[in-house]
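J.: please work out how this folds:
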Amino acid sequence: MRRKLLSLLAAFVLIGTLTYTAIPQVKVNVNTTYEQIRLLVDIMGIIQENYVEEREPKKLLTGAINGMVRVLDPFSQFMEPEAYKEMKTETEGQFGGLGIRISLKNNWLTVITPLLGTPAYRIGILPDDRIVKIEGKSTEGISIEDAVKKLRGTPGTKVSITIAREGAKELIDFTITREIIKIETIRSKMLNGDVGYIQLTEFNASSDKDLDKALSELSKKGMKSLVFDLRNNPGGLLDTAVNVCREFIGGNKVIVFTQGRHKETRKDYNAYDKAPYEDLPIVLLVNRGSASGSEIVAGAMQDLKRALIVGTTTFGKGSVQSVFPLTEGNALRLTTAKYYTPSGRSIHRNEDTGAGGIMPDVIIEVPREVEAKLYAQSEEIFAPGKTPEPALKKQERVEDEALKRAVEYLKIREIFINKK
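T.: The predicted model follows:
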């Protein structure tokens, strides 16, 4: 039995090595000496001979692999065929869900941000809400793939979740109806006078083109400065985030670079020689729901003195995941590098120290209850009078302090320049 288990493990490692080396530009160093895998084989043998119920060696090995990957970070994942297919569904098509981006924080399922206009957004889910139960069952230690399976489903069906929210004395229960999630990434309008406003909710394949169109339309309306809102933007495609920066940053400057374990893996992403809006005054809004691509843009704009960053410290998701297809439909999603701002700051949050994310130049803390009301009333900013009924009564409405301050900074700057 022990020899059989050893052969199975060795074959798996060999197959994995061959699969990895077939991928271009990937170097893998897998040490499979007998001494290093003896403990695992011994434990598998003891389980096979003595556990109260019989277990298939393949399932034991899969469990061992899952455990090995899980100790790395919340974003690395061994995906069996069903989970791998689910991941591709998310990136390639529409699905029935709640409209939230989730991560693991301190071993708990945590909301990065709800997506604008989705069921989770409308019902009042907030960034940093901790999902402690799904259908009454605890989520402590749950994997991302298992959470996704439980939260997604046929559009029109319901799922119940229980939230632990910072500052709330009791847990909050929600029952949410799943919908087909369609993401609207750009919203724009003119604010007071000549101040433009653009809200970017996600970095998908067309966001950079949509941004360019929105900037052009606002320019025709007389825009002389811009409030660029990346609050609750969970990120998306790296190339799109870089292209967004290229609208505002020129001079072939480094926008962001990725760095893996070895120095030679560094990859720089640069601006072009000229940027169409490199002289446009900008205030950029961020909060705890701004992650990944949003942090790339905020970090570059801050380091290069291109915009004033206003809001609260961002989420701190600055790592690169690569997907390695394996045999039998399995795959490994592995963190292979981290994002760094032009000055070399790591965006990714250190789980032990809490350091990470982008700290704004001007910090404006927003209480959770105020943030919830801002969410509820924001739909009417872009479609006044078109919603069936106001999300909040007039007396319940709150002022968007961060947006107000952003406009004030731009106006003060304009007055100061005009006096020169």
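
J.: so for the one helix or strand Asp239 maps to, mean pLDDT?
T.: In the assignment (DSSP states H and E), Asp239 maps to helix 238-246. For helix 238-246, mean pLDDT rounds to 95.

J.: convert that helix to PDB, retaining C-alpha atoms only.
T.: Provided in PDB are the C-alpha atoms of helix 238-246 (Å, rounded to 0.1, in the frame of the first residue of the first chain):
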ATOM      1  CA  LEU A 238      -4.200  45.000 -15.600                       C
ATOM      2  CA  ASP A 239      -3.800  46.200 -19.100                       C
ATOM      3  CA  THR A 240      -7.000  48.200 -18.900                       C
ATOM      4  CA  ALA A 241      -5.800  49.900 -15.600                       C
ATOM      5  CA  VAL A 242      -2.500  50.800 -17.300                       C
ATOM      6  CA  ASN A 243      -4.400  52.200 -20.300                       C
ATOM      7  CA  VAL A 244      -6.500  54.300 -18.000                       C
ATOM      8  CA  CYS A 245      -3.400  55.800 -16.600                       C
ATOM      9  CA  ARG A 246      -2.100  56.500 -20.100                       C
END
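
J.: now for it, which elements pack on it?
T.: When contacts are defined as 3 or more C-beta pairs under 8 Å, 6 or more residues apart in numbering; DSSP states H and E, helix 238-246 packs onto helix 207-220, strand 254-259, helix 293-303. From N, CA and C alone the C-beta is placed, and that goes for glycine too.

J.: deepest-packed of the ones you listed, please.
T.: helix 293-303 (a mean of 27; mean count of other C-beta atoms under 10 Å).

J.: just the CA trace of that helix, in CSV.
T.: As requested, the backbone C-alpha atoms of helix 293-303 are provided in CSV (Å, rounded to 0.1, in the frame of the first residue of the first chain):
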residue,chain,number,x,y,z
GLY,A,293,-6.6,48.0,-10.7
SER,A,294,-8.0,51.0,-8.7
GLU,A,295,-4.9,50.9,-6.5
ILE,A,296,-2.6,50.7,-9.5
VAL,A,297,-4.2,53.9,-10.9
ALA,A,298,-4.2,55.7,-7.5
GLY,A,299,-0.6,54.6,-6.7
ALA,A,300,0.7,55.9,-10.0
MET,A,301,-1.2,59.2,-9.9
GLN,A,302,0.0,59.7,-6.3
ASP,A,303,3.7,58.8,-6.9
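
J.: any idea how far it is from the chain center?
T.: Relative to its chain's centre, helix 293-303 lies at 14 Å (C-alpha atoms, centre = their mean, to the nearest Å).

J.: same deal with stretch 230-238?
T.: With C-alpha atoms, centre = their mean, you get 6 Å for stretch 230-238.

J.: Arg397 contacts Leu374, correct?
T.: No. With contacts counted by C-beta atoms under 8 Å, Arg397 stays clear of Leu374, the gap being 9.4 Å.

J.: how's this protein carved up into domains?
T.: Domain assignment for the chain by automatic domain parsing gives 2-71, 95-180, 186-321+336-419.

J.: for the ones you listed, which has the smallest mean pLDDT value?
T.: Set side by side, the domains of the chain give their lowest mean pLDDT on domain 2-71, at a mean of 67.

J.: neighbours around Gly45, how many?
T.: 18 (other C-beta atoms under 10 Å).

J.: before we move on, which element is Lys373 in?
T.: In this assignment (DSSP H and E), Lys373 forms part of helix 368-382.

J.: and the following helix or strand past that helix, which residues are buried?
T.: Next in sequence after helix 368-382, counting helices and strands by DSSP H and E, comes helix 401-419. Residues Ala402, Leu403, Arg405, Ala406, Val407, Tyr409, Leu410, Glu414 are the ones in helix 401-419 that count as buried (16 or more other C-beta atoms under 10 Å).

J.: now the fifth one: how far from Val283?
T.: This points to Val407. With distances taken as C-beta to C-beta, to the nearest Å, Val407 is found 8 Å from Val283.

J.: shared neighbours, the two?
T.: Both Val407 and Val283 are contacted by Val227, under the criterion C-beta atoms under 8 Å, 6 or more residues apart in numbering.

J.: what's the longest strand anywhere in the chain packed up against?
T.: In the chain, taking DSSP state E as the definition, the longest strand is strand 331-340. Packing partners of strand 331-340 (3+ C-beta pairs under 8 Å, 6+ apart): strand 77-79, helix 81-92, strand 254-259, helix 293-303, strand 319-325.

J.: tilt between the last one and strand 331-340?
T.: Between strand 319-325 and strand 331-340, the angle formed by their directions is 160 degrees, by axes from the mean of the first three to the mean of the last three C-alpha atoms, to 10 degrees.

J.: all strands of the stretch 101-250 of the chain, in order?
T.: For the stretch 101-250 of the chain, the strands defined by DSSP state E, counting those that start in this stretch cover 108-114, 130-134, 137-138, 158-164, 172-177, 179-180, 186-190, 195-200, 225-229.

J.: what's the closest of the ones you listed to Glu351?
T.: strand 108-114 (11.8 Å; C-beta to C-beta).

J.: neighbouring strands for that closest one, and are they parallel or not?
T.: If you go by DSSP bridges, strand 108-114 pairs up with strand 100-105 (antiparallel), strand 130-134 (antiparallel).

J.: packing partners for the following helix or strand past the longest strand of the chain?
T.: Following strand 331-340 in sequence order, the next helix or strand is strand 362-363 (DSSP H and E). Applying 3+ C-beta pairs under 8 Å, 6+ apart, one finds that strand 362-363 contacts strand 308-311.

J.: chain center to the strand it packs on: distance?
T.: 19 Å.

J.: give me the three-state assignment for Ser290.
T.: Following DSSP: H, G, I helix; E, B strand; the rest coil, we place Ser290 in the coil state.

J.: quick check: the nearest residue to it once chain neighbours are set aside vs Val323, distance?
T.: Distance criterion C-beta to C-beta, 6 or more residues apart in numbering; nearest residue to Ser290, sequence neighbours excluded, is Thr314 at 4.4 Å. Here Thr314 is placed at a distance of 25 Å from Val323 (C-beta to C-beta).

J.: and the gap between the residue nearest to Ser290 and Val407?
T.: Taking C-beta to C-beta as the measure, Thr314 falls 21 Å from Val407.

J.: then Lys105?
T.: Lys105 is 33 Å from Val407, by C-beta to C-beta.

J.: with Asn243 instead?
T.: According to C-beta to C-beta, Asn243 and Val407 sit 26 Å apart.

J.: over to Glu396?
T.: Glu396 is 23 Å from Val407, by C-beta to C-beta.
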